[in-house]
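J.: okay, sequence plus prediction incoming.
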Protein chains: 2
Amino acid sequence: MSNRRDAVHDILRHSDGFRSAQDIYAEMRSDGAKIGLTTVYRALQALADNGKVDVLRTDDGEAVYRACASGDHHHHLVCRRCGRTVEVAGPAVERWAETIGRENGFSDITHTVEVFGTCSSCVAALRAG
Amino acid sequence: MSNRRDAVHDILRHSDGFRSAQDIYAEMRSDGAKIGLTTVYRALQALADNGKVDVLRTDDGEAVYRACASGDHHHHLVCRRCGRTVEVAGPAVERWAETIGRENGFSDITHTVEVFGTCSSCVAALRAG
DNA sequence: GGACAAAATGAAAACCGTTGTCAAAATCGG
DNA sequence: CCGATTTTGACAACGGTTTTCATTTTGTCC
Ligand SMILES: [Zn+2]
Ligand SMILES: [Zn+2]
Ligand SMILES: [Zn+2]
Ligand SMILES: [Zn+2]
């Protein structure tokens, strides 16, 4: 039914790192797709609401999206240069967050965890410079 | 020298949780201070650049600031209802982030970690209805 | 104290990602 | 088909932040 939503989802599935709405919109337009920016935003919102994509905020406040392979709770190791992203599990972190919350009398504990670095290919590229 | 910067810093020092620029501006104005919003933004930027305050982004992309007691690397346990914030250390998380990065061939590893929950007083307030 | 240069200030405009509006277009149901 | 419902997208509006730039304050040297 919702062909547009699927189109947006497909773009994300074929991307490695996190992508912004405007980014996705630009790619779709340059691919000849007839779609409006509003619709891209709406599709991303719906996908995020249904847990189909992960969302996070860049340092400058922009929302970026990714269709992750894992549907389970996980975190991300992101190359700050090329955006390459690896999904990682962190049972120790999950336990730590829960414990630290409890110890301080907090309930309904959630957390956000992201790891950044420079991936090996980017290091190589920099060396070749 | 920079009287305004200190004034902004003071507001943060007397606040418990994270505060937004507009929030701080409103408080200063209602306290009779003669200051512009631009200056508040500039002061916060400078304080953040000098590592005097911690910054993070809310879910809706707003930047919020806090003058933390600890100058060392630490994370935050934040009440999502009243904003009360506890500074927490997580040596296990530091190690985990470093390891997971290394294992995937990443270097210059950094991370962001925040824990959210409902603090005990908020739970009590909710119960009292 | 002046005089002048450099830095700080703030009102208003510009910026930019995002959301709301609403009429047109596509889709559905009968 | 035909009316009802949903989806779409151009455009305007919004809100937080940054830029601009003329004015004010501060620092320095005499
Ligand atoms: Zn993910
Ligand atoms: Zn987790
Ligand atoms: Zn802190
Ligand atoms: Zn840490």
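T.: Received it, and whenever you're ready, just let me know what you need. Ligands and ions are numbered 1, 2, ... in the order given.

J.: ok, what's across the strand from residue A:56?
T.: Listed by DSSP bridges, the beta-bridge partners for residue A:56 are residue A:64.

J.: and the pLDDT for it?
T.: Looking at residue A:56, its pLDDT is 96.

J.: roughly how far apart are it and residue A:67?
T.: From residue A:56 across to residue A:67, the span is 13 Å (CB to CB, to the nearest Å). C-beta: built from backbone N, CA, C; applies to glycine.

J.: buried stuff in stretch A:54-71?
T.: Residues of stretch A:54-71 classed as buried by neighbour count (16 or more other CB atoms under 10 Å in any protein chain shown): A:54, A:56-57, A:63-68.

J.: is the longest strand belonging to chain A anywhere near chain B?
T.: With DSSP state E setting the assignment, residue counts place strand A:107-118 as the longest strand in chain A. Yes - counting by CB under 8 Å from any CB of the partner chain, contacts between strand A:107-118 and chain B involve A:107-118.

J.: residues of chain A that sit close to DNA strand C?
T.: Proximity of chain A to DNA strand C, by CB under 7 Å from any atom of the strand, involves residues A:1, A:3, A:20-22, A:37-38, A:41, A:45, A:61-63.

J.: the same query, at a cut-off of 10 Å, please.
T.: For chain A, the residues in contact with DNA strand C (CB under 10 Å from any atom of the strand) are A:1-4, A:20-25, A:34, A:36-42, A:44-45, A:48, A:55, A:57-58, A:60-65.

J.: of all the buried residues of stretch A:54-71, which two lie farthest apart?
T.: Comparing all pairs in these by CB to CB, the longest separation belongs to A:57 and A:67, at 17.6 Å.

J.: state the number of residues packed around the residue of chain A found nearest DNA strand D.
T.: Nearest to DNA strand D, among the residues of chain A, is residue A:36, at 2.2 Å (CB to the nearest atom of the strand). With neighbours defined by other CB atoms under 10 Å in any protein chain shown, the count for residue A:36 comes to 11.

J.: how far away is it from residue A:43?
T.: For residue A:36, the distance to residue A:43 (CB to CB) stands at 11 Å.

J.: one more: residue A:107?
T.: From residue A:107 over to residue A:43 the distance is 34 Å, taken as CB to CB.

J.: just residue A:17 next, same as before
T.: For residue A:17, the distance to residue A:43 - CB to CB - is 19 Å.

J.: higher neighbour count, those two?
T.: When neighbours are counted by other CB under 10 Å, residue A:17 and residue A:43 differ, and residue A:43 comes out ahead with 25 against 13.

J.: what kind of secondary structure is the more buried one in?
T.: Of the three states, residue A:43 takes helix according to DSSP: H, G, I helix; E, B strand; the rest coil.

J.: mind listing what's buried along the helix or strand where residue A:5 lies?
T.: Mapping residue A:5 onto the secondary structure by DSSP states H and E places it in helix A:3-13. Along helix A:3-13, the positions that meet the burial threshold by neighbour count (16+ other CB under 10 Å) are A:4-5, A:7-9, A:11-12.
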